[in-house]
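> no sequence on this one, just coordinates:
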């Protein structure tokens, strides 16, 4: 029986348009380390897409690099990055920000639906002695948007929390590993989701949504951008043939490819969630984008695995299902059939 | 007049075989972060190529990452990495090893022909108080092979210096950004150039020789390899879709592609050097591989640039010429014609 | 009206015996950086006091240095230090361990009475993917003994939790900023409270209990001790005239001075707590040693301050009272009189 | 035969005035971490002594701490600290600045008499690509004054080199481990030797000149001072009972004590050098302050040691002789007698 991939959008392949763009960039020679025409074109394109004249872009090859470098450019070493207690940057990057940031720390903040709230952010800001070196000083508020549990912050929440942060001199970062999925879900512009809502820097992920090794830091804060020139290089995150990184993101942003792929992911999740709801499967999150956590017995999980369904087990009787740009309607229909069979 | 590229082998494109391997890897889904079949195949292949049963391989996307991570896995934070005073790791990586290594330092060691010598290494080892914490403790000896100035260590020199190092408990690293060029020049095996000569870890570069973003750390030291599992991830150097990194190196190592490309680079340099020697151009290094530094007047350099020759100016009346896998006999012939014209 | 000092045991002075020992050490000349006879004597003395033949001692001048250096010698940079969520090392050292430890992180663990429990430690150990570099790897379990809220772990709890930790290859640290107060409260030996209960390294505080600038790391783990030779120096924590540090701790450990001073602190707290209980003041911790948090209205706190009582306000309607080796029975009696007056 | 101490000024004892000041500070209670009246008085006193209204002072307990913390407050992590190739910060602090500074590097600069020159500094500034992240960016010029080899920069050289540095946006630090010896030798004011000559921060050493554990960072650069509030704490360099640090420096600066003690050191060296010159001993440095390196045969060195002379052997047939505030005329006379005897 054929396998159906719900483990991660990281497990999907590369979009043909992106692969083609790499071949296209492979003509003639070019200066290394980003001093090439493709990378220059990328910067212009990012400024158009984000409607921001001085935005800067730093292509990197992993989401951990994008997050940790962006955060360390926004935070002093004695800073504390506030994020939701389920955030990827806190739990799943091996202490990258603390290492690259000279000992900056992460502070988990509570909140329902896997989102920080105005109250929890205010409480975190009030819990420290400002200017007192015994306390790591809150320096960045980081949104994971969508969250690691597949929920999404409404635009006004981002703006509200950003304003609270900025009121205390705290910078704002957005971990957009699935940025396009959020754009589609919110039906808003990149500018709305970022600088217009108070965001200083965004980790713009493309790998999970059809890229090969395509992540980028998009920065609206000039000082942070100036630092990133050095921070990216000395952490080994300036590829020599950068044009092949830049071209991926150019192709990704062209002709709404990113939105079309994200829309497919999100819509396949709508289809999947609707079917599972009919089967009375218990949801552990509201599937705002392309990720769903459900409670099922180990026995059912075993059966689904035997039936060729690929997914992650996330602790006791919990599995995670992720759709991608490659998931088809037929995949979901077949998956639902297998669920139905396993559940009865 | 058409341009001829001698700036850097980094400026060249991607070999068609490597590009094709990426397309080939783009079928089906695969686990992320290196838990995929392509990456497993790469490890088996590296063990064959290096004739070493327990070698481990960590694909990364930049040479700085490969060097700095390998070095920090071999050195304690209070260590000192000995390298030639012209080494890339000392002068051109923005302090990467010191940052990623918790403050490890680099110690430049002298030596003619841009190579460390037994005497200079012994002197460096004797200059510190061993066990005395006032002194950074020599922890790694790092060869740049070929050197940043295009010369090459004979195998017996590597073995001799490695033995000196190991006699003091110092580990041995080889920066092989142009590893294949060295293999071809020395006509030796990967095993001879590395572990059989006492090397614990090698930065295996492929990007300069036809790769897209293909570098790898090959490690023969088990403890260092165990550390690299963590060190690569937390520095953002584990790409999620790693199969597309691994496949590049697999293609690179297949059917002697790497040696064929390196051989072209080296042979084109032989052709270029022979022609320049006839023109009585002053050489600043012995062009053992694909790199030549020559002294020419600024006026001549200006004329060459106007004639479409691309190269780097490296200080007063010095230019660097680098051939690549893409350089053709015709390119070199035409370049020599332009030199002849500029010099007369 | 005279002031009465309850702000911190840090606010107290230096014991005359310790001051005298400094004058005594000021004869003749001595090698710097710990290669002196006083420091050698200290090492022998520490081995006697801790009944451990290979214990090593590193005098430092602050508790933050003792904690952070001990922890980084026990943890790899990708490690995670587990401690109670109220621990000083997590909340009040400005990220020292993360900085000095190359990005090691701290993980707060819950537990009543400000103490970790077997369940909470087991849960923390189970929450990570062991060997998976996405997760900071639990590397050290750190007890604050007594806790920052004045409670104390019984010996069997320390032994139990240490055994759980060691079962997972996790090292054990004890932050003994008020170590002597714990010894007196538990009426146990230094060996019982440390290595016999599974502790690998202890931050032995003396400053809060009559020292001038006298802290020391006492290490039972040989590898950690070997690392501390380098870690202390390169962080600036090897004083040149170290004999004047060592002599303080020698005097502290002589003739039970440390226990006598700690006993006074603890007994004055018994006296104070008994009096406040009679006044029906609400306690927020069980005052096992020399520290008590109580709830009083802001109005009462204001009055007490006006009456010359010195204490810290710790958030809403909460104050902290700390007795020291210098606190007298008369001080406490007078303080209770002022409380009585303010409360009525 | 009695020993005579020439190993290090670190080997000398504590001045009685400084010891007395510690006892004087031991009255009443005081807030910890520098929020005490003695430390406030120290800041006022430092501003008077340095004739600078906004100077800030951070007492620490080691010279390595003073240097490394000052340098990291003046340098970004991607910076390079230029210093003479014999400087203590480069060779004898175990990589402290690189560790505490997030991977900042040290660049040794040549120059006769153990001093950097205008030419060597200009060359170092010209050797890098400014703004190019491949290169660590020169960020601080650090004078060791007096140098580690006992020579001294004239004021106009400090001003000239500082001006060159500042012209490139490079900050200026002065390692004044023996600051008072330099003041006496140059007969200039603290202001002349520091900010009036372009210095942004100075490591003001007192331990080698009669202090117990008394070093301080004096900062004229406001941003660096603001950073040091955090950098000192999180590296463990804020002692809790700081009044006992501050009082040492207050006593040191009172009634010209520091100058009187330094004058004795310097004058005893004049006496010693004159005597050794008469004996035709070969000098390896010009003894501008209290330190002399001489060439003598191993046989003579052995004899001197047997005769009770204490000194350091510094490599082949080289010994170092250091006088201190405690060295007497009789000590020197007796030492010269022993030299005479050993040499004949």
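Cool, the structure landed. Everything quoted here is computed from the prediction, not taken from an experiment.

> please enumerate the strands of the stretch 201-344 of chain A.
All strands of the stretch 201-344 of chain A, identified by DSSP state E, counting those that start in this stretch, fall at A:201-205, A:215-219, A:282-283, A:291-295, A:309-310, A:312-313, A:318-322.

> nearest to residue B:67, out of the ones you listed?
The minimum distance between residue B:67 and the strands of the stretch 201-344 of chain A falls on strand A:215-219, with 22.0 Å, by C-beta to C-beta. The way it works is simple: take the backbone N, C-alpha and C, and place the C-beta from them, glycine included.

> avg pLDDT for the closest one?
Throughout strand A:215-219, pLDDT has a mean value of 98.

> can it be said to contact chain D?
No: Strand A:215-219 lies out of reach of chain D by C-beta under 8 Å from any C-beta of the partner chain, never closer than 14.5 Å.

> just the angle for that strand relative to strand A:201-205, thanks.
For strand A:215-219 against strand A:201-205, the angle by axes from the mean of the first three to the mean of the last three C-alpha atoms, to 10 degrees is 160 degrees.

> switch the strands of the stretch 201-344 of chain A over to TSV; also include distance to residue A:65 and mean neighbour count.
Shown next, in TSV, are the strands of the stretch 201-344 of chain A (distance: least, C-beta to C-beta, whole Å; neighbours: other C-beta atoms under 10 Å in any protein chain shown):
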stretch	distance to residue A:65	mean neighbour count
strand A:201-205	9	29
strand A:215-219	7	28
strand A:282-283	33	13
strand A:291-295	22	22
strand A:309-310	27	20
strand A:312-313	23	13
strand A:318-322	22	23
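
> and chain B, which of these is closest to it?
Checking these against chain B by C-beta to the nearest C-beta gives strand A:309-310 as the closest, at 7.4 Å.

> is the closest one in proximity to chain B?
Yes: using C-beta under 8 Å from any C-beta, we find that strand A:309-310 touches chain B at residue A:310.

> remind me what that strand packs against, helices and strands.
The contact analysis (3 or more C-beta pairs under 8 Å, 6 or more residues apart in numbering or on different chains; DSSP states H and E) places strand A:309-310 against strand A:4-5, helix A:329-343.

> with residue D:330 as the reference, name the closest of those.
With C-beta to C-beta as the criterion, residue D:330 lies closest to strand A:4-5 of the helices and strands packed on strand A:309-310, at 88.5 Å.

> can you list the strands that the longest strand along chain A pairs with?
Of all segments of type strand in chain A, defined using DSSP state E, the longest is strand A:137-144. Under the criterion DSSP bridges, strand A:137-144 sits next to strand A:79-84 (parallel), strand A:171-176 (parallel) in its sheet.

> how far off centre is that strand?
15 Å (C-alpha atoms, centre = their mean, to the nearest Å).

> quick one: average pLDDT of it?
Here the average pLDDT along strand A:137-144 is 98.

> check which element follows it along the chain.
Heading C-terminal from strand A:137-144, the first helix or strand you meet, by DSSP states H and E, is helix A:155-167.

> what lies in contact with that following helix?
Helix A:155-167 has contacts (C-beta atoms under 8 Å, 6 or more residues apart in numbering or on different chains) with A:82, A:115-118, A:121-122, A:125, A:138, A:141, A:143, A:145, A:153, A:171-172, A:174, A:186, A:188, A:192-193, A:196-199.

> at 10 Å what do you get?
A:82, A:109, A:111, A:115-122, A:124-125, A:138-143, A:145, A:152-154, A:170-174, A:182, A:186, A:188, A:192-200 (C-beta atoms under 10 Å, 6 or more residues apart in numbering or on different chains).

> winner for burial among the strands paired with strand A:137-144?
When you average the neighbours per residue for each of the strands paired with strand A:137-144 (mean count of other C-beta atoms under 10 Å in any protein chain shown), strand A:171-176 leads with a mean of 28.

> what mean pLDDT does that strand get?
98.

> which is the next helix or strand following it?
Next along from strand A:171-176, by DSSP H and E: helix A:179-186.

> that following helix: what's the following helix or strand?
Following helix A:179-186 toward the C-terminus (DSSP H and E): helix A:190-193.

> show me what that following helix packs onto, helices and strands only.
helix A:37-49, helix A:155-167, strand A:171-176, helix A:179-186, strand A:201-205 (3 or more C-beta pairs under 10 Å, 6 or more residues apart in numbering or on different chains; DSSP states H and E).

> and residue C:98, which of those is closest to it?
Residue C:98 lies closest, by C-beta to C-beta, to one member of these: strand A:171-176, at 18.5 Å.

> how far off centre is that closest one?
Its chain's C-alpha centre and that of strand A:171-176 lie 10 Å apart, by C-alpha atoms, centre = their mean.

> try stretch A:105-123
Offset of stretch A:105-123 from its chain centre (C-alpha atoms, centre = their mean): 18 Å.

> that stretch vs chain C: in contact?
Yes: legend: contact between stretch A:105-123 and chain C by C-beta under 10 Å from any C-beta of the partner chain is shown at A:105, A:106, A:107, A:108.

> mind listing what's buried along that stretch?
For stretch A:105-123, the neighbour count (16 or more other C-beta atoms under 10 Å in any protein chain shown) marks A:105-109, A:111, A:114-117, A:120-122 as buried.

> does chain B sit close to that stretch?
No: residues of stretch A:105-123 are not located near chain B by C-beta under 10 Å from any C-beta, the shortest gap being 12.9 Å.
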